[in-house]
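Enquirer: Attaching a predicted model along with its sequence, questions to come.
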Amino acid sequence: MDSLNDELLYTENLSKNFQGITAVDKVNFKINKNEIRALIGPNGAGKTTFVSLLCGRIRASNGKVFFNGSDISNLPVYNRISSGIGYTFQITSIFSNLTVYENVALSIKNRRNKEERSIISEVLNKVDLLDRVYQRSGDLSYGHQRLLELAMGMAQRPKLLILDEPTQGLSDVEIENFKKLIKDFSETMTVLLIEHNMDVVMSIADKITVLHFGKIISEGDKHSIQSDPLVQKAYLGD
Amino acid sequence: MRKNIILHLSALATLFLFEMLGIFSEYHQGNFARILVLAAYGVGYNILFGYTGLLSLGHALFFSAGLYASGLSIYHLDYNIEQSLLLAICISALISLIIGFLALRTIGVSFMIVTLMFSQIAYLSILYFGSITRGDEGFVIQQSSRVFLSMDLSNPTIRYYSALLIFSLCMLTNLWIAKSPFGRVLVAIRENSERALMLGYNVKLYKLFSIIISGTISGLAGASYGILFGYVGASFAAVSYSIFPLLWVLIGGAGTVLGPLIGAIFMFYLIDYASDITDAYMIIVGVALLFVTLFARRGILGELRYRFYKWIA
């Protein structure tokens, strides 16, 4: 059993209804520190809604979210982010008219100039964008924009980084680099990854949670998930 | 940053030298004094529209709040210039806070409509309380009341330098904001407010601060206008005075510090020359504006920044 001190985030009966449709249904979820957790499920399973509830983009209909030992259920989104939850969007969301440097700088708060510059250099170096630092971010290729978004998430120095389908639209080479990056991240932060690419999920996730019709139907390591008949049924049908 | 400081201080120095060396004729001296105060108003508008991306159609409310706060306090209460300016700044800030708090419950088109409605309420109130405001007719601030530190503000030269001082204060505040972390967040909100929120910024609070700063600068410009030109009238609260700063900012370049000045000069002289040619001068103005928007859709300075000088703030 996981020690209580290892828990970074957990939910209690977290639910969301949209005009009678239950998108997330009494979910009890837990993620430990420095874990890479993949959240998978067929389209419409409620994955994005669930992580949106965690970071406060949408309000829960019922249930609670605990983060780092505190109940954050009633905190507005900006306070949740400031308390250490980072989020990258499913559809690339950067400040297109600002430079790469300015985009990353916006992710860093309350730091002295020298420290800010050092963090920016470090994260851009990690995602291999250091040579494009003064380029307008809207002029970057799609793959580079995804990497920039990742750099923005890293620069926030979150305790929990939520990545919503980060490899969507990336080439095979970029995906390989991405996997290495995520492995690096997990040394200093916890990663919750929504991903459809099963190769990525199986190769980097410590644990996998499967969501179907808003409920967790299975949770465990890759072997137990692969052999779970409920998961097979959810993906392949009867 | 150094290039920006040099550019903006050079622009102010040029305006100062034009007067000091007597390059302006009396006519242009008066025009430019007026343009500088109006450009200060444009600077206030630009902080909200150009930097934060909030399109207000009711900024005449803030301009006239300052105008009437200072004008009425001089006219009815015999306030001196310092007292009336201070009162105008406080009243404008307070009104901006209240209007901002209410208007920010809406976004997009609704925000435009709500600001327009508040502005119309203010305009109609000025007309309704005619016994105090002198309604449509307005009132004149006597020359004897327009004295600041023993200087007669109705004197054209002193008036020009005073207008330049007001504009400089507003413009340098704008430059400082544009280069500050606060300004960077405002631009982020303009570009992608959802992303700014997900980076942990309290977007609504930043927008409220932006409205307060914008409204206070607009109010200061309004108060300065009344004091320097000696007239307070309801026409300054009409919807056209909410549209003018939008045009100055669009023509000069939204989100550029010098844009409102360039836009105000362009518009002022375009109307001035066009009205010399024909009574239907708005046709010429309209066609000219059409060309500017077609060939420099980011505004004059905005286009220069986009194409050549990316460092311009």
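Expert: In hand now; what should we look at?

Enquirer: Tell me how far the helix or strand that contains residue A:180 lies from the chain's centre.
Expert: Using DSSP states H and E, residue A:180 sits in helix A:172-185. Put simply, helix A:172-185 sits 14 Å off its chain's centre (Cα atoms, centre = their mean, to the nearest Å).

Enquirer: For it, list every residue counted as buried.
Expert: A:174-175, A:177-179, A:181-182, A:185 (16 or more other Cβ atoms under 10 Å in any protein chain shown). (Each C-beta comes from the backbone N, C-alpha and C, glycine too.)

Enquirer: same question, stretch B:19-37
Expert: Under the neighbour-count rule (16+ other Cβ under 10 Å), stretch B:19-37 has B:19, B:24, B:29, B:31-37 buried.

Enquirer: ok, back up a step: which other residues reach whichever helix or strand comes after the helix holding residue A:180?
Expert: Next in sequence after helix A:172-185, counting helices and strands by DSSP H and E, comes strand A:190-194. Contact with strand A:190-194 is made by A:8-9, A:31-40, A:47-48, A:51, A:54, A:90, A:159-166, A:182, A:185, A:200-201, A:204-205, as judged by Cβ atoms under 8 Å, 6 or more residues apart in numbering or on different chains.

Enquirer: Also stretch B:197-209?
Expert: Residues outside stretch B:197-209 that contact it (Cβ under 8 Å, 6+ apart) are A:55, A:57, A:76-79, A:81-82, A:87, A:89, A:93, A:106-107, A:109, A:152, A:156, B:52, B:54, B:97, B:100-101, B:104, B:182, B:185-186, B:188-189, B:193, B:196.

Enquirer: In ChimeraX, how would I select the buried members of those?
Expert: Filtering the contacts of stretch B:197-209 down to the buried ones (16+ other Cβ under 10 Å) takes a single ChimeraX command:
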select /A:55,57,77,78,81,82,87,89,93,106,107,109,152,156 /B:52,54,97,100,104,185,186,188,189,193,196
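
Enquirer: Just the contacts of stretch B:197-209: which are in helices?
Expert: Mapping these onto helices (DSSP state H) picks out A:55, A:77-79, A:81-82, A:106, A:152, B:97, B:100-101, B:182, B:185-186, B:188-189, B:193, B:196.

Enquirer: coming back round to it: out of the buried residues of helix A:172-185, which comes closest to residue A:125?
Expert: residue A:181 (11.5 Å; Cβ to Cβ).

Enquirer: what about the strands in chain A?
Expert: A:7-18, A:21-27, A:30-32, A:36-40, A:62-67, A:70-71, A:85-88, A:160-164, A:190-194, A:207-212, A:215-220 (DSSP state E).

Enquirer: quick one, which of these is packed in tightest?
Expert: Mean neighbour count, computed with mean count of other Cβ atoms under 10 Å in any protein chain shown, is highest for strand A:85-88 among the strands of chain A, reaching a mean of 27.

Enquirer: That one - contacts with which helices or strands?
Expert: Under the contact criterion of 3 or more Cβ pairs under 8 Å, 6 or more residues apart in numbering or on different chains; DSSP states H and E, strand A:85-88 touches helix A:47-55, helix A:142-155, strand A:160-164.

Enquirer: will you turn those into a markdown table that also has distance to residue B:291 and mean pLDDT?
Expert: As requested, the helices and strands packed on strand A:85-88 are exported to a markdown table (distance: least, Cβ to Cβ, whole Å; pLDDT from 0 to 100):
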| stretch | distance to residue B:291 | mean pLDDT |
| --- | --- | --- |
| helix A:47-55 | 46 | 93 |
| helix A:142-155 | 35 | 90 |
| strand A:160-164 | 45 | 92 |
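
Enquirer: Include distance to residue A:222 when you put the ones you listed into a markdown table, please.
Expert: Below are the helices and strands packed on strand A:85-88 laid out as a markdown table (distance: least, Cβ to Cβ, whole Å):
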| stretch | distance to residue A:222 |
| --- | --- |
| helix A:47-55 | 18 |
| helix A:142-155 | 23 |
| strand A:160-164 | 18 |
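
Enquirer: Need the winner for burial among those.
Expert: Comparing these by mean neighbour count (mean count of other Cβ under 10 Å), strand A:160-164 comes out on top with a mean of 25.

Enquirer: strands paired with that one, and their directions?
Expert: Using DSSP bridges, the strands paired with strand A:160-164 are strand A:85-88 (parallel), strand A:190-194 (parallel).

Enquirer: I'd like the distance from the first one to the chain centre, please.
Expert: Averaged C-alpha coordinates place strand A:85-88 at 6 Å from its chain's average position (Cα atoms, centre = their mean).

Enquirer: Equivalent analysis for the last one, please.
Expert: On the basis of Cα atoms, centre = their mean, the separation between the geometric centre of strand A:190-194 and that of its chain is 4 Å.

Enquirer: and that strand, average pLDDT?
Expert: Mean per-residue pLDDT for strand A:190-194: 93.

Enquirer: Export only the CA atoms of that strand, formatted as CSV.
Expert: Written as CSV, here are the backbone C-alpha positions of strand A:190-194 (Å, rounded to 0.1, in the frame of the first residue of the first chain):
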residue,chain,number,x,y,z
THR,A,190,4.9,14.0,-11.2
VAL,A,191,3.4,13.5,-14.7
LEU,A,192,-0.2,12.7,-15.6
LEU,A,193,-0.4,11.9,-19.2
ILE,A,194,-3.5,11.6,-21.4
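
Enquirer: ok and that strand relative to strand A:36-40, angle-wise?
Expert: Counting by axes from the mean of the first three to the mean of the last three Cα atoms, to 10 degrees, strand A:190-194 lies at 20 degrees to strand A:36-40.

Enquirer: If you compare the directions of strand A:190-194 and helix A:47-55, what angle comes out?
Expert: Angle of strand A:190-194 versus helix A:47-55, following the same axes, to 10 degrees, is 150 degrees.

Enquirer: now strand A:190-194 against helix A:172-185, angle please.
Expert: Using the same axes, to 10 degrees: strand A:190-194 against helix A:172-185 is 150 degrees.

Enquirer: Would you pull up the residue in the stretch 51-200 of chain B closest to chain A?
Expert: In the stretch 51-200 of chain B, no residue comes nearer to chain A than residue B:200, which is 3.4 Å away by Cβ to the nearest Cβ.

Enquirer: burial count for that residue?
Expert: Each residue near residue B:200 was counted by other Cβ atoms under 10 Å in any protein chain shown, and the total is 22.

Enquirer: how many other residues sit next to residue B:267?
Expert: For residue B:267, the neighbour count with other Cβ under 10 Å is 22.

Enquirer: what sits against it?
Expert: Counted by Cβ under 8 Å, 6+ apart, residue B:267 has contacts B:244, B:247-248, B:251, B:285.

Enquirer: I figured residue B:175 hits residue B:8, correct?
Expert: Yes: counting by Cβ atoms under 8 Å, residue B:175 touches residue B:8, with 5.5 Å between them.

Enquirer: residues in contact with the closest residue to residue A:40 other than its chain neighbours?
Expert: Using Cβ to Cβ, 6 or more residues apart in numbering or on different chains and skipping the chain neighbours, the partner closest in space to residue A:40 is residue A:210 (5.6 Å). Residue A:210 is in contact with A:40-41, A:216-219, A:225, A:228, A:230-231, A:234, counting by Cβ under 8 Å, 6+ apart.

Enquirer: And the residues you listed, which is closest to residue B:108?
Expert: residue A:41 (33.9 Å).

Enquirer: I'd say that closest one and residue A:214 touch.
Expert: No: Residue A:41 lies out of contact with residue A:214 (Cβ under 8 Å); the separation is 9.3 Å.

Enquirer: The helix holding residue A:180 packs against which elements?
Expert: helix A:142-155, strand A:190-194, helix A:198-204.

Enquirer: Outside of the first one itself, which residues are in contact with it?
Expert: Residues outside helix A:142-155 that contact it (Cβ under 8 Å, 6+ apart): A:86-89, A:92-94, A:100, A:103-104, A:106-108, A:119-120, A:123-124, A:126-129, A:132, A:137, A:140, A:161, A:163, A:166-171, A:174, A:178, A:181, A:185, B:199.
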